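Participant: Fold the following.
(chains A and B)
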Amino acid sequence: MSWFQPADVGFAVRGLLTRVGGATRLFARLVSLLPATARRPDLVRDQVHFLGNYSLGIIAVSGLFVGFVLALQGYYTLQGFGSTEALGQLVALSLLRELGPVITALLFAGRAGTSLTAEIGLMRAGEQLSAMEMMAVDPVRRILAPRFWAGVIAMPVLAAVFSAVGVVGGWWVAVGMIGIDSGSFWSQMQGGVDVFRDVGNGVVKSVVFGFIVTFVALLQGYTAKPTPEGVARATTRTVVVASLSVLAMDFVLTALMFSL
Amino acid sequence: MQKLRTDVWVGLFVMLGAAALVFLALQSANLLQLDFRSGYRVSARFDNIGGLKPQAAVRSAGVVVGRVESITFDDKIYQATVTIALQDRYAFPKDSSLKILTSGLLGEQYLGIEAGADEKMLAEGDRIVATQSAVVLENLISQFLYSKAADATPAGDGAAPKSNP
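Facilitator: Modelled structure (predicted):
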């Protein structure tokens, strides 16, 4: 029984609790720093530029192709029921409710989250964060909070762009390639999509995902081991943890919002 | 100069998001058709509502004139009570009738309202008395089968009444 030491279990549980507690404390601190961050809009603006504008390309192109595929695949399925006019509704509802927020969040984690983790992790490894503390500058307030709130702002914007581009892409395939009547495509869509229930809930989802992805990225960077290997691991963990959290949270949100 | 340039790009980014949302709300959702005025509510009782759901359309001559607001079951009379909100700009006579209809063969169900001839108009809180339940496919089939069975019995046998003389 030399491989099993009861003390190890206690040690592991304690370590887990410490990490969860530390993460909760950091989250609470980031949220409570909203007024302080709002007084430095220039910091947030730079980060929105970095996280949002640079992600726009991948988001728009992905949205376009997801719209294409949705229209083609939806047409194939709907054809069996002889109701291909419902294609517009299918494309719009899939994008607005699920695919828009979720795929945007996954891409955002890969495109922007990793760079946040690497940046913060390298600051930690290069002892820049310690240096700031020495100068009585709070790194959470000066470095983490603007990035956090910029991510929360950028995520819904990107998700809206993704859904809109996807709808246009779906329209292009449905009308241009398949030959569905443009008028019935839009009118079926408008008949089946509700502004508050579908568009509104999609926005709420993307805001929640913005919180999750940005926070996970910042937490992993902030708690990374200050070595090259530690930063590499933290970056990997950002993608894994953020993606899994987003997918799990999406299930919960969908169950809450659309269970009627 | 660098600061101003970043401002422009971030402004463009946010405006793009706002434009995308406006596009989604106007072009792919029903913001333009939403009626923010509350309209007037009338209720009606049905023996069977079939697959009618809240938010289903109320149509007259094919035009949407209102929405189903709520559907409840009344266990005193064992009937469904359907509350509908009709738009203010449309007035219907008090003896109008409601019918549960289906759009297309397998489409969603909606309420059809047919105008009556009364001179008084429906107002908030009124009840529409003349209603026609949803067509339930199983009932239709069983009616058809029973009438077939009645036809099949020999003419001399008086036990089963014949459906057509």
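
Participant: Can you point out the buried residues in stretch B:17-25?
Facilitator: The neighbour-count check on stretch B:17-25 (16 or more other Cβ atoms under 10 Å in any protein chain shown) flags B:17, B:20-21, B:23-25 as buried. The way it works is simple: take the backbone N, C-alpha and C, and place the C-beta from them, glycine included.

Participant: Kindly provide the distance from whichever residue of the stretch 101-250 of chain A sits closest to chain B to residue A:147.
Facilitator: When scored by Cβ to the nearest Cβ, the stretch 101-250 of chain A has residue A:157 as its residue closest to chain B, at 3.0 Å. Counting by Cβ to Cβ, to the nearest Å, the gap from residue A:157 to residue A:147 is 16 Å.

Participant: got it, and residue B:52?
Facilitator: According to Cβ to Cβ, residue B:52 and residue A:147 sit 50 Å apart.

Participant: Looking at the two, which has the bigger crowd around it?
Facilitator: residue A:147 (26 against 21; other Cβ atoms under 10 Å in any protein chain shown).

Participant: need the contact list for that one.
Facilitator: Residues counted as contacts of residue A:147 (Cβ atoms under 8 Å, 6 or more residues apart in numbering or on different chains) are A:47, A:51, A:116, A:120, A:214, A:218.

Participant: Please repeat the previous calculation with a cut-off of 10 Å.
Facilitator: A:30, A:37, A:43-44, A:46-48, A:50-51, A:112, A:116, A:119-120, A:214, A:217-218, A:221 (Cβ atoms under 10 Å, 6 or more residues apart in numbering or on different chains).

Participant: Give me the subset of those residues that lies in helices.
Facilitator: Per DSSP state H, helices hold the following members of the contacts of residue A:147: A:30, A:37, A:43-44, A:46-48, A:116, A:119-120, A:214, A:217-218, A:221.

Participant: Next, format those as a markdown table and append distance to chain B.
Facilitator: A markdown table is the format used below for the ones in helices among the contacts of residue A:147 (distance: Cβ to the nearest Cβ, whole Å):
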| residue | distance to chain B |
| --- | --- |
| A:30 | 21 |
| A:37 | 15 |
| A:43 | 11 |
| A:44 | 9 |
| A:46 | 6 |
| A:47 | 9 |
| A:48 | 5 |
| A:116 | 17 |
| A:119 | 17 |
| A:120 | 21 |
| A:214 | 16 |
| A:217 | 19 |
| A:218 | 20 |
| A:221 | 23 |
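
Participant: Quick check: phi and psi on residue B:126?
Facilitator: Main-chain dihedrals, residue B:126, degrees, to the nearest 10: phi -70, psi 160.

Participant: for the helix or strand hosting residue A:233, packing partners?
Facilitator: Element membership for residue A:233 (DSSP states H and E) is helix A:228-257. Helices and strands touching helix A:228-257, as assessed by 3 or more Cβ pairs under 10 Å, 6 or more residues apart in numbering or on different chains; DSSP states H and E, comprise helix A:100-108, helix A:114-125, helix A:201-222.

Participant: rewinding a little: check the buried residues of stretch B:17-25 against chain A, which are close?
Facilitator: With Cβ under 10 Å from any Cβ of the partner chain as the criterion, the buried residues of stretch B:17-25 include B:17, B:20-21, B:23-25 near chain A.

Participant: tell me which element the closest residue to residue B:132 other than its chain neighbours falls in.
Facilitator: Nearest non-adjacent residue to residue B:132, counting by Cβ to Cβ, 6 or more residues apart in numbering or on different chains: residue B:99, 4.4 Å away. Using DSSP H and E, the element containing residue B:99 is strand B:97-102.

Participant: can you pull the buried residues of that strand?
Facilitator: B:97-101.

Participant: ok, now stretch A:121-128?
Facilitator: A:121, A:123-125.

Participant: Which of those sits closest to residue B:81?
Facilitator: For these, the closest approach to residue B:81 (Cβ to Cβ) belongs to residue A:121, at 61.9 Å.

Participant: Can you verify my assumption that that closest one contacts residue A:230?
Facilitator: Yes. The criterion here is Cβ atoms under 10 Å, and residue A:121 meets it with residue A:230 at 6.9 Å.

Participant: Find the nearest non-adjacent residue to residue 47, please.
Facilitator: Since you didn't name a chain, this refers to chain A. What sits nearest to residue A:47 in space, not counting adjacent residues and going by Cβ to Cβ, 6+ apart, is residue A:150, at 3.4 Å.

Participant: you looked at the wrong chain, it should be chain B
Facilitator: Nearest residue to residue B:47, sequence neighbours excluded (Cβ to Cβ, 6+ apart): residue B:133, at 4.5 Å.

Participant: what number of residues lie near that neighbour?
Facilitator: By the criterion of other Cβ under 10 Å, residue B:133 has 18 neighbours.

Participant: again with residue A:169
Facilitator: For residue A:169, the neighbour count with other Cβ under 10 Å is 23.

Participant: I'd like the buried residues of strand B:97-102 laid out as JSON lines, including pLDDT.
Facilitator: Putting these into JSON lines (pLDDT from 0 to 100) gives the following:
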{"residue": "B:97", "pLDDT": "89"}
{"residue": "B:98", "pLDDT": "89"}
{"residue": "B:99", "pLDDT": "88"}
{"residue": "B:100", "pLDDT": "88"}
{"residue": "B:101", "pLDDT": "86"}
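
Participant: list the contacts for the residue nearest to residue B:47?
Facilitator: By Cβ under 10 Å, 6+ apart, residue B:133 lies in contact with B:45-50, B:52, B:79-80, B:98-100, B:139.

Participant: any idea which of those is closest to chain A?
Facilitator: Closest approach to chain A among these (Cβ to the nearest Cβ): residue B:52, at 14.5 Å.

Participant: Could I get the average pLDDT for the host helix or strand of the residue of the stretch 101-250 of chain A closest to chain B?
Facilitator: For residue A:157, the element it lies in under DSSP H and E is helix A:145-171. Mean per-residue pLDDT for helix A:145-171: 94.

Participant: quick check: angle from that helix to helix A:201-222?
Facilitator: If you take axes from the mean of the first three to the mean of the last three Cα atoms, to 10 degrees, helix A:145-171 sits at 140 degrees to helix A:201-222.

Participant: Output the below-cut-off pLDDT ranges for chain B.
Facilitator: When residues are selected by pLDDT under 70, those of chain B lie in B:1-2, B:31-38, B:104-107, B:153-165.

Participant: Point to the residue nearest the middle of the chain.
Facilitator: No chain was given, so I picked chain A. Nearest to the mean C-alpha position of chain A, counting by Cα atoms, centre = their mean, stands residue A:105 at 2.5 Å.

Participant: try again with chain B
Facilitator: Geometric centre of chain B, nearest residue: residue B:110, 2.8 Å, by Cα atoms, centre = their mean.
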